[in-house]
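Peer 1: Okay, here's the prediction I keep looking at, along with the sequence it came from:
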Number of protein chains: 4
Amino acid sequence: MSLQKSCIVAGTGPGNGAALARAFSKEGFHIVLLARSSDFIQSLASELGNATAITCDLSDEASIAQAAKRIESECPPVEVLIFNAGGASTFRPGTLLNVSPSDLLKTIAARTTGPLSLSQHILPGMVTRKKGSIFFTGATASTRGSKNFALLAIPSFSTKALAESMAREFMPKGIHVSHIVLDGSLESECAREWKPNAGPDDFMQPKDVAASYVMLHNQPRSTWTFELVLRPSVEEW
Amino acid sequence: MSLQKSCIVAGTGPGNGAALARAFSKEGFHIVLLARSSDFIQSLASELGNATAITCDLSDEASIAQAAKRIESECPPVEVLIFNAGGASTFRPGTLLNVSPSDLLKTIAARTTGPLSLSQHILPGMVTRKKGSIFFTGATASTRGSKNFALLAIPSFSTKALAESMAREFMPKGIHVSHIVLDGSLESECAREWKPNAGPDDFMQPKDVAASYVMLHNQPRSTWTFELVLRPSVEEW
Amino acid sequence: MSLQKSCIVAGTGPGNGAALARAFSKEGFHIVLLARSSDFIQSLASELGNATAITCDLSDEASIAQAAKRIESECPPVEVLIFNAGGASTFRPGTLLNVSPSDLLKTIAARTTGPLSLSQHILPGMVTRKKGSIFFTGATASTRGSKNFALLAIPSFSTKALAESMAREFMPKGIHVSHIVLDGSLESECAREWKPNAGPDDFMQPKDVAASYVMLHNQPRSTWTFELVLRPSVEEW
Amino acid sequence: MSLQKSCIVAGTGPGNGAALARAFSKEGFHIVLLARSSDFIQSLASELGNATAITCDLSDEASIAQAAKRIESECPPVEVLIFNAGGASTFRPGTLLNVSPSDLLKTIAARTTGPLSLSQHILPGMVTRKKGSIFFTGATASTRGSKNFALLAIPSFSTKALAESMAREFMPKGIHVSHIVLDGSLESECAREWKPNAGPDDFMQPKDVAASYVMLHNQPRSTWTFELVLRPSVEEW
């Protein structure tokens, strides 16, 4: 079967990224999986069937250019582009005095200038076809610079700035740009270890999160949402 | 046919209110239409079939108490309560010096203390059944006090404060509270007269707006949205 | 001695209101004290010397009109108008289900439509003289509708909407409108009883708060601030 | 005369930077001027007298480390640290498609990771002395990602995230961290060329802006302001 449209999931881990890939696969998209290491995305691509796994470092422009070239030559036109590089799962809180400026800059690159670069490859085609969605995954730290969270907040704020600038320029050209703020913890083995007393209502289910991205892609253009905040019913905010 | 659940649309005019009523009717709800004058809601109730039209002035506690009593005795349990009293359609911009404080207070009552009062009748049942949604329609003026828009902004800010306070108290009890911000013009005859050069992309379609409320009601509780901003793709913001 | 300019402090209690009166008195203003009961403002007026105490209920338009008339005939032109009616000191948190809609509406009137009404008396003279400041005291609840704080948040949001609308209309006409957000507890006997373990850094000093209002009134018009948030250094936010 | 305290102005051009240097010099501070090129800061240091000019590239950690070393050995203890690297004056609006990812990353480094690095050198001494202020100059683009402004918005958002994270961690330790948002144009030859029809009220005066930083440094710790927005009275917002 040859599918007519691709969905790129940039930053695909076993949690949200995999759920997004499965959800858009069910909607009939060819899935392009991008991640720095190949093992997980290779096996996920096999599971999905219509899928291409490409190792790509979003903090490296040359790596992005190479990935973009492969996507253009091997995959159907890109209709959905998702930047899911969160890094929230490996983040540990700590004083600003111990944040390494060069590590921080690398994270910012992977969350901001890398996504900008990949978007510059993909956007022109979307504009020509007058159809497409670009989605950025954000977090609580996207709008709040909390104590001990600088390493998460600074890249998240800059991702939001990129998403907003892109939305204001490209929504009138028919491209739906959204910033999805996950204001809570995604269910995962790791999350349950951190919160051993958490109940079933305390976590966001990756499949529910992924369904929200599909919903956004299907919003009629008379009622588009730029920023969508999702949180568990019991979350304090 | 006897339906098992009601949806109240408080503030039902021919635009958004009617679209909401039709959308939830298709989802199998008995519809309760509340408005200050009876003509439109009577004819809409006839069109819908499973529906009850009740004249009610949301700025008057006694009128609300009476409506609540009728709903309790005549209708299935309320699962969705929508406050759609916008007033945006009849609003005209003007200097703060000409805003009548008593008119303004009456509008605030209809948008804030009235909805609070009706919610106090409905919420306990929802909490007992651990199921229900309360939705408030907002506007651009909900987050921005623009020049010449005080008469719209002040009630809209207070509606938002009510919605937020309610969400933080009742979401953990299983009631989904949302504030839907319509950041653009709804298509209507009146809107087209105001913007004679507008194209088809310039307006929000009431049926698309209504579909968003249905989507919110169906969100799984692991990923609830409190504030949903909707705007046409070409809207400047 | 006859002073050339008045400062109205509407909502004068022994805390912030008295500190504001004393601060502007030192700056050479005739002080007009407005409050619902006369005892405290009478004695404060005696202490200050150049001051007029007027009992006035800000939730009652007739009472406001009478006060405005007295001010116009007895006092120097109004250069500063401060709405300090907080009510935060008597507020007690509680469920939305127990908030009385009519009490809430009265509070909204005192915080929003009353200040609008008094401003409508004062603004035209300020605009003619191209000089004046109107200041609104807000709180944490001005931008956040917290659980159990609806009775504080709803009037505070509407005050903010009034202030913003007024600022956007009248700042270009030379009137400085500001919304001062007190994001912490003012030192007072009552506050120390509530927080018996609080240290000296935990409270805002009324005289420091008042100095900020004087600073705002003296800002050159090339660099005006609309919203000024003040909080103790150790406050969490 | 030997002064007892230093004020660093990082990013010193002839506009806001020079005004800040002059204002804190008058307050009795030894001034440390940092900029990428030496000509202007050398001549400004001569004018001020008690001042040290150091060429420093804030996007380069080694350059920062060298500057920090010189400051520590040659200058009085740092009490005020100002990051004024705006870049707004040379910014030109343009489509996101033409923004160079590597140029953008360099700007982010100069606005975020560089200031973090210099702060890591300065903060420990401030904390030990329990005294100090760190100020970040922001712009309209700090809270709004406008169409064609990505190159300004993305670094500005990340600066704000750094400032907020730093404020929440270090204010309770006695260090006043502020983010000053200049929501308008600073008067300059260049600005007048851009807006030839602008009147005297349309621009912010650098000396007024600088006075606001001095005011912030002098705020008593019972009433600290984190974010201070300044705009001309006639500015639309």
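Peer 2: Everything's here; your move. The structure displayed is predicted, hence computed values, not measured ones.
Peer 1: looking at chain A, which helix or strand does the model trust least?
Peer 2: Least confident helix or strand, chain A: helix A:189-194 with a mean of 86, by mean pLDDT, DSSP states H and E.
Peer 1: Please see if it touches chain B.
Peer 2: No - against chain B, helix A:189-194 shows no contacts by Cβ under 8 Å from any Cβ of the partner chain, the least distance being 12.5 Å. Where C-beta positions appear, they are placed from N, C-alpha and C, glycine not excepted.
Peer 1: May I see the buried residues of that helix?
Peer 2: By 16 or more other Cβ atoms under 10 Å in any protein chain shown, the buried positions in helix A:189-194 come out as residue A:191.
Peer 1: Give me the nearest residue to residue A:136, chain neighbours excluded.
Peer 2: In space, and not counting its chain neighbours, residue A:136 is closest to residue A:163: 4.4 Å by Cβ to Cβ, 6 or more residues apart in numbering or on different chains.
Peer 1: For that neighbour, grab the count of nearby residues.
Peer 2: Number of residues near residue A:163 (other Cβ atoms under 10 Å in any protein chain shown) recorded here: 26.
Peer 1: and the angle from the longest helix that chain A contains to helix D:150-170?
Peer 2: Identified as the longest helix of chain A according to DSSP state H is helix A:150-170. Put simply, helix A:150-170 runs at 150 degrees to helix D:150-170, going by axes from the mean of the first three to the mean of the last three Cα atoms, to 10 degrees.
Peer 1: And stretch A:61-69, how far out from the chain middle?
Peer 2: With Cα atoms, centre = their mean, to the nearest Å as the basis, stretch A:61-69 stands 18 Å off its chain's centre.
Peer 1: hmm, who's touching it?
Peer 2: A:34, A:54, A:56-58, A:113-114, A:117-118, A:121-122, D:101-102 (Cβ atoms under 8 Å, 6 or more residues apart in numbering or on different chains).
Peer 1: Wait, residue A:108 touches residue A:156, no?
Peer 2: No - taking contacts as Cβ atoms under 8 Å, residue A:108 lies outside contact range of residue A:156: 9.8 Å.
Peer 1: of the two, who's got more company?
Peer 2: Taking neighbours as other Cβ under 10 Å, residue A:108 and residue A:156 compare with residue A:156 leading, 33 against 28.
Peer 1: Verify the contact between residue A:50 and residue A:24 for me.
Peer 2: No - contact criterion Cβ under 8 Å: residue A:50 and residue A:24 do not qualify, at 10.6 Å.
Peer 1: Quick check: neighbours shared by these two?
Peer 2: Residues within reach of residue A:50 and of residue A:24 at once, by Cβ under 8 Å, 6+ apart, are residue A:31.
Peer 1: Filter the contacts of stretch A:61-69 down to the buried ones, PyMOL style.
Peer 2: Burial among the contacts of stretch A:61-69 is assessed by 16+ other Cβ under 10 Å; the matching PyMOL selection reads:
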select buried, (chain A and resi 34+54+56+57+58+113+114+117+118+121+122) or (chain D and resi 101)
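Peer 1: if we can go back for a sec, which one's more surrounded, residue A:50 and residue A:24?
Peer 2: Shown here are residue A:50 and residue A:24; by other Cβ under 10 Å, residue A:24 has more neighbours (25 against 16).
Peer 1: so where's chain A uncertain?
Peer 2: Where chain A drops to pLDDT under 70, the residues are A:1, A:86-89.
Peer 1: where do the helices sit along it?
Peer 2: A:16-26, A:38-48, A:61-74, A:101-108, A:114-129, A:150-170, A:189-194, A:206-218.
Peer 1: Setting the sequence-adjacent residues aside, check what's closest to residue A:78.
Peer 2: Nearest non-adjacent residue to residue A:78, counting by Cβ to Cβ, 6+ apart: residue A:6, 4.7 Å away.
Peer 1: OK, contacts around the one you found?
Peer 2: Per Cβ under 8 Å, 6+ apart, neighbours of residue A:6: A:29, A:30, A:31, A:32, A:71, A:75, A:76, A:77, A:78, A:79, A:80.
Peer 1: Which members of those are the farthest-apart pair?
Peer 2: For the contacts of residue A:6, the maximum inter-member distance is 13.8 Å, found between A:31 and A:77 (Cβ to Cβ).
Peer 1: Please identify which of those two sits among more neighbours.
Peer 2: Taking neighbours as other Cβ under 10 Å, residue A:31 and residue A:77 compare with residue A:31 leading, 27 against 17.
Peer 1: The residue nearest the centre of chain A and chain D, how far apart?
Peer 2: Nearest to the geometric centre of chain A sits residue A:84, at 1.9 Å (Cα atoms, centre = their mean). As for residue A:84, its distance to chain D is 19 Å (criterion: Cβ to the nearest Cβ, to the nearest Å).
Peer 1: out of everything not next to it in sequence, what's closest to that residue?
Peer 2: In space, and not counting its chain neighbours, residue A:84 is closest to residue A:11: 4.1 Å by Cβ to Cβ, 6+ apart.
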